[in-house]
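Asker: sequence plus the predicted model coming up.
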Amino acid sequence: MDNAENGLEDGVSVYSMPAYAACVPEGLRARLAADATPMDGVPGLSLIADVADGFAEVQTPEAMACVVEVTRRVAPRLRAVLHQRAVDRAFIDRETRSRFREPATVSVSSLDYPSIIGLTDAAGRVVVGPKPGAPVPLPTVAVPDFLKGDQVTLFGPPDTPRMAINAMNALHRRAPDEDPVLAELVEASGLVPRWGADDEDSQTPMLGLLMRSGENLRGCFEGTLSFETPRKHYRLAENGLALPIKRIPGLALPDAAHLLDGQPIPLHVFDLVTHLWHLRHVGERAMVFYVPKLENEEEAAYLRTLLETAVEVVSAADPSWTPVVPRVLCVFENPRAIFRIREMAAALGPHFLGGSLGWHDYLAAAARLFRHDPGYRIPVKADPDIVIRHIRESHVVLAETMRLAGGLAIGGMYGVLPLPGDPRSWSVSMVGYIRDVVTQLRRGLTGFWVAHPDFVRPGIALVEAFRRQEADPGDPSLDALVRVLVDDPDELDKVLSFLATDDIDGLAPGAPGYERSLLAANIEVSEVIANDDPEEVRYNVFVALQYLAGWLSGVGCVALPSHLRTAGGDDVMVRIMDDLATTERSRWELWAELAHGRVSREDFDQILDEELAFIESGGVGDDRRVEVAWDGETGRWYPLAGRLLRRLVVADPPVEAVPELLLPFTFEVVRTASDPWEAAKALCPGKYAG
């Protein structure tokens, strides 16, 4: 057997990927492999102790044989793609350092401000920016009938039966006092919501949780999922069910619970192929996927190879199956990708369905891109108008490209939630929601995401009312609906005034400064609060600690405390649904402020210690409160959350992505140790030093 047949390339396993070793270092991988059990009937595959027992309906020999075969075929190309991503990162950092000096001497708004956009590498590739030459032809997207129309999408994990059933039944989640105006608009729209069943940023990637999520999602597609408590029986509605669309993990995350020839397999391959195998009989409705964090057409071409290989392998394993073409909604959440929407669509060909703009990850990725640029400032998390003021150009380019292709153009997440039973909190949350939805529809987008089922029916009603006004400017539906949703007179005046004005002016492609505006990279000092203001630093620390403690406890989607300002100037408490993307965004903001000397390490350490103490004490204050309490399981993880956040913020160079530090804590060999921090340090030498 030659090297290629043996999974070797130049004597090195093609399954051994440096990007995966960053998450699962050699010492940890070797320990997992030593305790792993070979899977009967699937040569080369071993299961670590965490997943060796249970999940038999997911880890069937047939399904896992497909996973292994697909991995063997696509691994060399994936390895090359991830290697190129690392090379490009190094190029970006090197070129940024060579062009900037501390402190910045030229205003970021100046046309003389240095830029890495458009620079070419040694191979002549433009690493960040539009691709030179004539535009590539766009594919003509044929949207299937079941996906036509506006896309009001609830996003969240299918990790429990109750959450999955609530998501599927979101159309039927009526408020007790729902107004007839809202009810009529929802009924007239004929829309059913979508459900972004998330296996990525809103999940802690423990394989047991992901496989349980797969079982729940399978029950949703098959109509069999139910759940019973002593007080309530949860079951799927008979009609009007949401359409689930699975978001698979990104390319850079490994699955070290399943080892192929001793090496972790790609987590996205496991998630995609097991879904494809178990739901192949459902047909095309189950074959639509959100795919996150692709950066350019090279990575999109890899994805096409993966999809076509997976279909080929499943077809060979079950000749009775009539193959279906999997369709993809790309989550354009990377500053490199926003310049290459056309090229990525062309690379995906018949698999391309459209895209969405995940703006939290988009801003975090831009912050990583510009991390050595002392003039760059990420839009602050406290800015309630980020979507309105800073995401316009990216919305427009997505909407216009999808208009030409006939594809779906979906906006981002509205993640603000009111405090239960607080009318003022409801009003300010709803004002922000109306402004975000209308802004995205004005820009030509055909949908958006929401973070809670309570926002689905109001969102559908807003879309229907907007479309009526679009067709007939004199139609009163939108005005009537807004008056129903916002009953506080001051807040109502605020939102009606907004509706009476046009969208903000933006820059057209080719205009001076357009490219940095497209990346929301043209801010000098925020009008809301400076990035280095101690209160902004404190807020980022406060919410990141809570999120990390929740994530380490196995909860990847957490509603965390925040404030919105009323029309009268008062601060009202709300909650923000945070996932890993929002924490990435917070840590890059903090990292930049320390790295560029605007916040001292001593001040950061003091704030970190104070926030840990505040959370441990119960976190009760006049203007804030703790949502993830320091008790039980989270109490065990809070000290580690503090250590991890400090490393994320002060390390130089920083890790590329938060999971590089967090992933070792998803394995039982670390989690069940008497001291998980020391166990992780022993298994991952050097990773947690300092």
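Answerer: Thanks, I have the structure now.

Asker: next, count neighbours for residue 115.
Answerer: 18 (other Cβ atoms under 10 Å). Glycine gets a C-beta too; all of them are placed from N, C-alpha and C.

Asker: pLDDT at the nearest residue to residue 39 once chain neighbours are set aside, what is it?
Answerer: Closest residue to residue 39 apart from its sequence neighbours, by Cβ to Cβ, 6 or more residues apart in numbering: residue 45 at 4.6 Å. Looking at residue 45, its pLDDT reads 97.

Asker: my guess is residue 45 meets residue 260, correct?
Answerer: Yes. Assessed by Cβ atoms under 8 Å, residue 45 is found in contact with residue 260 at 5.8 Å.

Asker: buried residues of the longest helix along the chain, list them for me.
Answerer: Assignment by DSSP state H gives helix 61-99 as the longest helix of the chain. By neighbour count with 16 or more other Cβ atoms under 10 Å, helix 61-99 contains the buried residues 63-75, 77-79, 81-82, 84-85, 88, 91-93, 95-96.

Asker: next: stretch 158-176.
Answerer: Within stretch 158-176, the residues that qualify as buried are 158-159, 161, 163-173, counting by 16+ other Cβ under 10 Å.

Asker: would you turn the residues you listed into JSON lines with secondary structure?
Answerer: Compiled in JSON lines, the buried residues of stretch 158-176 are given as follows (DSSP: H, G, I helix; E, B strand; the rest coil):
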{"residue": "158", "secondary structure": "coil"}
{"residue": "159", "secondary structure": "coil"}
{"residue": "161", "secondary structure": "helix"}
{"residue": "163", "secondary structure": "helix"}
{"residue": "164", "secondary structure": "helix"}
{"residue": "165", "secondary structure": "helix"}
{"residue": "166", "secondary structure": "helix"}
{"residue": "167", "secondary structure": "helix"}
{"residue": "168", "secondary structure": "helix"}
{"residue": "169", "secondary structure": "coil"}
{"residue": "170", "secondary structure": "helix"}
{"residue": "171", "secondary structure": "helix"}
{"residue": "172", "secondary structure": "helix"}
{"residue": "173", "secondary structure": "coil"}
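
Asker: can you put the residues you listed in CSV and add pLDDT?
Answerer: Listed next are the buried residues of stretch 158-176 as CSV, based on pLDDT from 0 to 100:
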residue, pLDDT
158, 96
159, 93
161, 96
163, 95
164, 97
165, 98
166, 97
167, 98
168, 98
169, 98
170, 98
171, 98
172, 97
173, 96
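
Asker: dump those residues into CSV; add distance to residue 180 as well.
Answerer: Below are the buried residues of stretch 158-176 laid out as CSV (distance: Cβ to Cβ, whole Å):
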residue, distance to residue 180
158, 33
159, 36
161, 33
163, 30
164, 30
165, 27
166, 24
167, 26
168, 25
169, 21
170, 20
171, 17
172, 17
173, 17
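
Asker: which residues in the stretch 101-250 of the chain form helices?
Answerer: With DSSP state H, counting those that start in this stretch as the criterion, the stretch 101-250 of the chain has helices at 161-168, 180-189, 207-222.

Asker: pick the most buried one from the ones you listed.
Answerer: When you average the neighbours per residue for each of the helices of the stretch 101-250 of the chain (mean count of other Cβ atoms under 10 Å), helix 161-168 leads with a mean of 22.

Asker: so how far is residue 170 from residue 509?
Answerer: Going from residue 509 to residue 170 by Cβ to Cβ, to the nearest Å gives 37 Å.

Asker: could you report the neighbour count for residue 145?
Answerer: Residue 145: 8 neighbours (other Cβ under 10 Å).

Asker: now residue 137
Answerer: Neighbour count for residue 137, taken as other Cβ under 10 Å: 10.

Asker: so what does it look like in phi/psi?
Answerer: Backbone torsions for residue 137, taken as degrees, to the nearest 10, come to phi -60, psi 140.

Asker: and stretch 513-528, end to end?
Answerer: 22 Å (Cα to Cα, to the nearest Å).

Asker: can you tell me what sits against it?
Answerer: Residues outside stretch 513-528 that contact it (Cβ atoms under 8 Å, 6 or more residues apart in numbering): 107-109, 111, 113, 115, 117-118, 129, 335, 338-339, 362-363, 366, 369-370, 375-380, 382-384, 390-391, 393-394, 397, 506-508.

Asker: of those residues, grab the buried ones for ChimeraX.
Answerer: Once 16+ other Cβ under 10 Å is used to decide burial, the buried members of these can be selected in ChimeraX as follows:
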select :108,113,115,117,129,335,338,339,362,363,366,369,370,375,376,377,378,379,380,382,383,384,390,391,393,394,397,507
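
Asker: return the subset of the contacts of stretch 513-528 lying in strands.
Answerer: Per DSSP state E, strands hold no members of the contacts of stretch 513-528.

Asker: and the residue positioned nearest the centre of the chain, what is it in contact with?
Answerer: The centroid of the chain falls nearest to residue 201 when counting by Cα atoms, centre = their mean (4.7 Å). For residue 201, the contacting residues are 292, 361, 556, 579-581, by Cβ under 8 Å, 6+ apart.

Asker: where along the stretch 201-350 of the chain do the strands fall?
Answerer: Using DSSP state E, counting those that start in this stretch, the strands assigned to the stretch 201-350 of the chain run over residues 226-228, 233-235, 243-247, 254-260, 263-266, 288-292, 327-331.

Asker: now the fifth one - C-alpha only, CSV.
Answerer: I take that to be strand 263-266. Taking Å, rounded to 0.1, in the frame of the first residue of the first chain, the C-alpha atoms of strand 263-266 are listed here in CSV:
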residue,chain,number,x,y,z
GLN,A,263,-6.2,11.6,14.5
PRO,A,264,-9.3,13.8,15.1
ILE,A,265,-11.7,14.0,12.2
PRO,A,266,-13.3,17.3,11.0
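
Asker: other SSEs contacting it?
Answerer: helix 18-23, helix 61-99, strand 254-260 (3 or more Cβ pairs under 8 Å, 6 or more residues apart in numbering; DSSP states H and E).

Asker: which one of these lies closest to residue 669?
Answerer: Across the helices and strands packed on strand 263-266, the minimum distance to residue 669, taken as Cβ to Cβ, is reached by strand 254-260, at 10.8 Å.

Asker: could you tell me how far the closest one lies from the centre of the chain?
Answerer: In this view, strand 254-260 has its centroid 22 Å away from the chain centroid, taken as Cα atoms, centre = their mean, to the nearest Å.

Asker: do the same with stretch 342-358
Answerer: Its chain's C-alpha centre and that of stretch 342-358 lie 17 Å apart, by Cα atoms, centre = their mean.

Asker: give me the mean pLDDT for it.
Answerer: The average pLDDT for stretch 342-358 rounds to 96.
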